[in-house]
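Asks: Predicted model and sequence below, questions to follow.
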Amino acid sequence: MSRIDLPQVAELRQKAEAAGQSHLFDRWTQLSAAEQESLLEQARCLDFNLLSKLWKEGVPSFSSDSPAANLAQRARPLRQIVRTPRSSTEVQMQQEARECGESLLREGRVAVILVAGGEGTRLGVAGPKGMYPIGPVSGSSLYQILAEQVLALTGRFGRKIPFLVMTSHATDQATHAFFANHKWFGLDPDSVQFLRQGVMPAVDRETGQILMNGPGTLIMNPNGHGGLLEALQSSGAFDRLEQQGIDLLFYHQVDNPLVHVADPVMLGLHHQQHAQLTVKVVAKQTPEEKMGVLTEIDGQVRIIEYSDLTAEDVHRTTAEGDLLFWAGNTAIHVFDRNTLQQIAVAEESLPYHRAIKKVSHLDGSGNWVVPTAENATKYERFIFDVLPLVRNCLVMEVDRDEEFCPLKNSVGEFSPEHVQRAMISRSLRWLSTRCEVPNSTDPVEISPLLALDVSDLAQWEPPTTWPNGPFLLK
Ligand code: UTP
């Protein structure tokens with residue numbers, strides 16, 4: 001017997017109609033009971049008011065007061081920045097920051113957040129990107145390489161580090177199963193928490209109508225990495241972290257196996273400078289490189305997306321003749337927990353951005369449409385929109401070869417081959433500080449359980465004879 005709640009159907013239909021989405025219920029009577037229930041479930045989760053508002057207003061690229069092009073004109077060089085150390089004084093300052101960060105880890109004040117809800121469309125493999133076997137010798141997954149860093153830090157500092165993994169409807173089940181099948185990579189399962197992010201429907205770019213995947217199914221996408229704030233708030237994670245005495249959140253993305261998870265130097269600098277948000281940047285390889293860049297606008301650190309810079313902008317220089325837009329965003333952050341929670345609950349939280357994409361869908365006559373041109377608008381929130389909302393933001397420059405090479409594409413730049421080459425080069429560089437490394441094409445890999453950075457190899461005894469073939473140090 002159907003458990004359909006008729007008054008609720010009427011209410012949702014009314015809401016849908018008021019928001020210009022009445023087509024959702026056009027085929028209601030032809031749906032099976034299961035399809036009807038599924039449609040109701042999805043409609044209940046929709047914020048019709050928000051959708052209408054976004055559609056009517058359009059979505060600003062940055063904020064309503066300032067068109068993106070205008071922002072680039074107002075950009076100035078960053079002032080609160082720590083560059084990669086060049087002098088012995090700077091090396092000493094980073095050492096002091098490292099000691100401070102290590103104390104924070106020892107005191108149990110840090111949690112690690114991994115965002116892994118993206119659909120990984122450019123990489124184009126089935127399943128969550130975090131499961132991709134990127135280890136050049138071990139075939140370890142991205143999840144394993146990141147989780148084992150948390151495990152190594154836990155052992156080193158004698159404190160459990162809460163590890164929060166944000167998933168989405170696209171990655172949730174497979175990620176849970178993967179962690180369970182790999183025994184949580186040695187972590188205490190109680191210290192691993194999965195948060196499921198929210199969704200936003202894809203809409204027709206001409207009409208604003210939600211696109212359908214099937215007779216009772218809407219096309220839904222994860223609501224962007226900025227959906228983290230809502231996920232932390234609605235899951236109660238913010239409150240739990242507060243109760244656990246956590247005040248610093250180390251944020252990273254699933255695609256970068258070179259990341260130094262919970263880097264003590266970064267944590268220490270953040271703490272010493274009373275920052276609310278710290279961002280790691282790398283120097284762009286060329287002015288044209290397609291990366292979001294950090295800059296200062298009206299005294300506030302912000303990101304400008306590469307698509308918002310003209311060919312002329314990217315070559316602009318400062319009075320000293322340096323490139324103005326040099327600081328490429330790595331999406332590695334430390335957040336002050338309290339600040340992030342305040343932003344999460346504020347009425348005007350992060351804005352939505354709009355992406356115009358090709359989306360196959362079921363049309364009103366029940367035909368499956370594969371578009372030849374971009375037909376749909378998707379809405380996403382971005383984590384870097386936190387930047388304009390904080391007063392005290394620290395930017396930290398790091399060496400790209402050491403910390404940044406994200407897996408994005410199936411071929412070419414940031415493909416598996418490119419990322420593995422970067423991993424091997426870094427391992428060889430670390431090893432060359434301890435021994436003579438043979439000139440061979442065989443891959444080499446260093447497990448995070450052996451070394452989190454080059455200094456950890458100081459205790460390592462190099463082999464008397466270098467093995468033939470691939471070499472995994474663990
Ligand atoms: P990207 O923006 O590179 O997206 O995500 P993606 O899903 O990995 O790949 P494409 O664009 O579909 O090819 C950067 C990071 O943000 C996470 C991703 O999992 C990745 O760690 N992310 C992205 C989310 O957690 N949720 C989202 O809604 C989007």
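Replies: Ah, there it is. Residues are numbered from 1 along each chain as shown.
Asks: Share the number of residues neighbouring the closest residue to T207 other than its chain neighbours, please.
Replies: Spatially, and ignoring its direct neighbours in sequence, T207 is nearest to G20 (7.9 Å; C-beta to C-beta, 6 or more residues apart in numbering). Where you see a C-beta, it was placed from the backbone N, CA and C, and this is true even at glycine. G20 sits with 17 neighbouring residues when counted by other C-beta atoms under 10 Å.
Asks: Can I take it that G20 is in a strand?
Replies: No: read with DSSP: H, G, I helix; E, B strand; the rest coil, G20 is coil and lies in no strand.
Asks: now it: how far from the ligand?
Replies: Between G20 and the ligand the computed distance is 25 Å (C-beta to the nearest ligand atom, to the nearest Å).
Asks: so that residue makes contact with G208?
Replies: Yes: G20 is within contact range of G208, at 6.3 Å (criterion: C-beta atoms under 8 Å).
Asks: so who does the residue nearest to T207 touch?
Replies: Shown in contact with G20 (C-beta atoms under 8 Å, 6 or more residues apart in numbering): 52, 55, 207-209.
Asks: How much space separates it from T278?
Replies: When distance is defined by C-beta to C-beta, to the nearest Å, G20 is 43 Å away from T278.
Asks: Spell out which residues are contacts of both of G20 and G208.
Replies: Shared contacts of G20 and G208 (C-beta under 8 Å, 6+ apart): W55.
Asks: Measure how far stretch 429-442 is from the centre of its chain, please.
Replies: 32 Å (C-alpha atoms, centre = their mean, to the nearest Å).
Asks: and it, which residues are buried?
Replies: Using 16 or more other C-beta atoms under 10 Å as the test for burial, stretch 429-442 gives 430-431, 437.
Asks: Tell me which residues are up against it.
Replies: By C-beta under 8 Å, 6+ apart, the list of residues contacting stretch 429-442 from outside reads 401, 428, 444, 446, 451, 453-454, 457-458, 460, 462, 466, 468-471, 473.
Asks: what about burial for those residues, which qualify?
Replies: In terms of neighbour count (16+ other C-beta under 10 Å), the buried residues within these are 428, 444, 446, 451, 453-454, 457, 471, 473.
Asks: I'd like those written out as JSON lines, with pLDDT and secondary structure added.
Replies: Below are those laid out as JSON lines (pLDDT from 0 to 100; DSSP: H, G, I helix; E, B strand; the rest coil):
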{"residue": "L428", "pLDDT": "95", "secondary structure": "helix"}
{"residue": "V444", "pLDDT": "96", "secondary structure": "strand"}
{"residue": "I446", "pLDDT": "98", "secondary structure": "strand"}
{"residue": "A451", "pLDDT": "97", "secondary structure": "coil"}
{"residue": "D453", "pLDDT": "97", "secondary structure": "coil"}
{"residue": "V454", "pLDDT": "96", "secondary structure": "helix"}
{"residue": "L457", "pLDDT": "96", "secondary structure": "helix"}
{"residue": "F471", "pLDDT": "94", "secondary structure": "strand"}
{"residue": "L473", "pLDDT": "94", "secondary structure": "strand"}
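Asks: Quick check: the farthest pair among these?
Replies: Pairwise distances across the buried ones among the contacts of stretch 429-442 peak at 19.0 Å for D453 and F471 (criterion: C-beta to C-beta).
Asks: returning to that earlier point: between the buried residues of stretch 429-442, which sits nearest the ligand?
Replies: W430 (25.0 Å; C-beta to the nearest ligand atom).
Asks: does that closest one sit in a helix or strand, and which one?
Replies: Per DSSP states H and E, W430 falls inside helix 416-431.
Asks: got it, and L450?
Replies: Using DSSP H and E, L450 falls outside every helix and strand.
Asks: Can you pull the phi and psi angles for the nearest residue to H169 once chain neighbours are set aside?
Replies: With C-beta to C-beta, 6+ apart as the criterion, H169 has its nearest non-adjacent residue at 6.2 Å, and that residue is V199. The phi and psi values for V199, taken as degrees, to the nearest 10, are phi -130, psi 160.
Asks: So V199 sits against G224, correct?
Replies: No: V199 lies out of contact with G224 (C-beta under 8 Å); the separation is 10.3 Å.
Asks: hmm, back to that, want to throw the buried residues of stretch 429-442 into JSON lines with pLDDT and distance to Q300?
Replies: Below are these laid out as JSON lines (pLDDT from 0 to 100; distance: C-beta to C-beta, whole Å):
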{"residue": "W430", "pLDDT": "97", "distance to Q300": "38"}
{"residue": "L431", "pLDDT": "95", "distance to Q300": "43"}
{"residue": "V437", "pLDDT": "89", "distance to Q300": "45"}
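Asks: could the residues you listed go into a markdown table alongside distance to F384?
Replies: Output for these, formatted as a markdown table (distance: C-beta to C-beta, whole Å):
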| residue | distance to F384 |
| --- | --- |
| W430 | 30 |
| L431 | 35 |
| V437 | 38 |
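Asks: And the pLDDT for the nearest residue to E403 once chain neighbours are set aside?
Replies: Distances taken as C-beta to C-beta, 6+ apart place L258 nearest to E403, at 5.2 Å, with adjacent residues excluded. L258 is assigned a pLDDT of 98 by the prediction.
Asks: tell me, how many neighbours does L258 end up with?
Replies: 19.
Asks: and A152, that's in a strand?
Replies: No: checked against three-state DSSP, A152 lies outside a strand; its state is helix.
Asks: check contacts around it.
Replies: A152 neighbours (C-beta under 8 Å, 6+ apart): 448-449, 452.
Asks: neighbour-wise, which of these leads?
Replies: Neighbour counts for the contacts of A152 peak at P448, which has 24 neighbours (criterion: other C-beta under 10 Å).
Asks: May I have the predicted confidence score for it?
Replies: Note for P448: predicted pLDDT of 98.
Asks: go on, R109?
Replies: On pLDDT, R109 comes in at 98.
Asks: Against A344, how distant is it?
Replies: Distance, R109 to A344, by C-beta to C-beta: 20 Å.
Asks: and what of F250?
Replies: When distance is defined by C-beta to C-beta, F250 is 17 Å away from A344.
Asks: Between these two, which has more neighbouring residues?
Replies: F250 (27 against 18).
Asks: Can I take it that the more buried one is in a strand?
Replies: Yes: counting by three-state DSSP, F250 falls inside a strand.
Asks: I'd guessed it sits against A262; true?
Replies: Yes: contact criterion C-beta under 8 Å: F250 and A262 qualify, at 4.6 Å.
Asks: Name the residues contacting each of those two.
Replies: Common neighbours of F250 and A262 are listed as 110, 112 (criterion: C-beta under 8 Å, 6+ apart).
Asks: per-residue pLDDT, H252?
Replies: Value for H252, per-residue pLDDT: 98.
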